[in-house]
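Participant: any chance you can model this:
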Amino acid sequence: MPRDHINEITAFLTVARERSFTRAAAELGVTPSALSHTVRGLEEKLGLRLLSRTTRNVATTDAGERLMRRLGPLFEQVSAELDSITSLRDKPAGVIRITCDDVAIELIFRPRLAEFLRQYPDISVEISMSYAFVDIVAERFDAGVRIGESIERDMVATRIGPDWRFCVVGAPTYFEGRSAPETPQELGSHNCINMRMATAGGNLRWEFRSPEGEDFALRVSGQATFSNAMLVLQGALDGLGLGYVPYILAKPYLDDGRLMEALSDWCPDYEGYHLYYPSRKLHSPAFAAFVETMRYRT
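Facilitator: The predicted structure follows:
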């Protein structure tokens, strides 16, 4: 329907409801003469008189009454729906879909998610665990999580976690009868727990930095291989071998003695986790609230 038809019908319905051009004009924010001209234009297009005008009042004709009964409820429903959608600007609601790895879930989202959902009861959060570099636009995710160094330049990134590093850990029972490695090259004589990653071309390589500042990576071998960091951590706790996991994940177990760390001087720091997404524009209030809640504050 052409826009001028919508404006004309809205003008007619308002006059018919108020039974006054003056009151209808005040409601619509136009002059009575402009409103009269708009209604007359609709009548001319239809070839029917819709309103009977006198110096004292305005009344609908039979045609006008029929049009008001048929179209009035429809336009009221449209108006109500528009008001409802507009209200979403002020009331965060909807579904937020995030793709990330298990470490981000454990370290970033779990500590903050319960309070966020309590604060915003009309928001639902769906978190999909994946180590792959997901195309968030194609897969219809609102955002993904990566360390800052691996985010594409065309993405907006919001920091959600501190800098962190990997660490090499093992249970005290594993170190019984064997010496801890003093250099990464000595890992060849240890039973190491691998983590299978398709994006790494197989198993995750263990990355180190020499005292001279040279970065290098090693492939290790062992009897156990898992598909995520949480399982590698559990394997280390169970004494299956040495695990290579984020330090912040292992810290509680290092503090209480259930794990021991090796090669700490060889493990470099990495830029912290970032929430990345395509654009700052057209994001829902729900997503804006989520980003603000997850934002890292020093």
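
Participant: just give me the neighbour total for Glu8.
Facilitator: By other C-beta atoms under 10 Å, 19 other residues sit near Glu8. C-beta: built from backbone N, CA, C; applies to glycine.

Participant: please report phi then psi for it.
Facilitator: With angles defined as degrees, to the nearest 10, Glu8 sits at phi -70, psi -40.

Participant: all the helices of this protein, residue numbers only.
Facilitator: Counting by DSSP state H, the chain has helices at residues 3-18, 21-28, 32-46, 62-87, 102-104, 110-119, 172-175, 229-237, 247-255, 285-294.

Participant: which one of the ones you listed lies nearest to Gln223?
Facilitator: helix 229-237 (9.8 Å; C-beta to C-beta).

Participant: go through that closest one and flag the buried ones.
Facilitator: Residues of helix 229-237 classed as buried by neighbour count (16 or more other C-beta atoms under 10 Å): 229-233, 235-237.

Participant: pick out the shakiest of the helices of the chain, pLDDT-wise.
Facilitator: For the helices of the chain, mean pLDDT drops lowest on helix 62-87, to a mean of 76.

Participant: hmm, Tyr277 is touching Arg146, no?
Facilitator: No: counting by C-beta atoms under 8 Å, Tyr277 sits too far from Arg146 to count as a contact (11.4 Å).

Participant: Ala34 and Asn57: what is the separation?
Facilitator: Distance, Ala34 to Asn57, by C-beta to C-beta, to the nearest Å: 20 Å.

Participant: out of these two, which sits in the more crowded spot?
Facilitator: Ala34 (12 against 9).

Participant: now that one: closest residue in space, sequence neighbours ignored.
Facilitator: Ala25 (7.4 Å; C-beta to C-beta, 6 or more residues apart in numbering).

Participant: check the burial of the closest residue to Tyr276 other than its chain neighbours by counting its neighbours.
Facilitator: The shortest distance from Tyr276 to any non-neighbouring residue, by C-beta to C-beta, 6+ apart, is to Met155 (4.3 Å). Other residues within reach of Met155, judged by other C-beta under 10 Å, total 17.

Participant: quick one, what contacts Met155?
Facilitator: By C-beta atoms under 8 Å, 6 or more residues apart in numbering, the residues touching Met155 are 276-278.

Participant: which of those residues sits closest to Asp135?
Facilitator: Closest approach to Asp135 among those (C-beta to C-beta): Pro278, at 10.5 Å.

Participant: not counting its neighbours along the chain, what's nearest the closest one?
Facilitator: Val137 (5.9 Å).

Participant: ok, now Met68?
Facilitator: Per C-beta to C-beta, 6+ apart, closest to Met68 is Ala16, 4.8 Å.

Participant: share the number of residues neighbouring that neighbour, please.
Facilitator: For Ala16, the count of nearby residues is 22 (other C-beta under 10 Å).

Participant: wait, doesn't it sit right on Asn57?
Facilitator: No: the pair Ala16 / Asn57 is not scored as a contact, 11.9 Å apart, by C-beta under 8 Å.

Participant: ok, Gln119 - contacts?
Facilitator: Counting by C-beta under 8 Å, 6+ apart, Gln119 makes contact with Thr293.

Participant: ok, now how distant is Leu237 from Ile193?
Facilitator: Leu237 is 11 Å from Ile193, by C-beta to C-beta.

Participant: ok, Pro92 next?
Facilitator: Pro92 is 42 Å from Ile193, where distance means C-beta to C-beta.

Participant: which one's more surrounded, the two?
Facilitator: Ranked by neighbour count (other C-beta under 10 Å), Pro92 and Ile193 place Ile193 first, with 25 against 19.

Participant: check contacts around that one.
Facilitator: Contacts of Ile193 by C-beta under 8 Å, 6+ apart are 222, 224-226, 232, 235-236, 240-244.

Participant: and with 10 Å instead?
Facilitator: Neighbour list for Ile193: 169-170, 220, 222-226, 231-236, 238, 240-245 [criterion: C-beta atoms under 10 Å, 6 or more residues apart in numbering].
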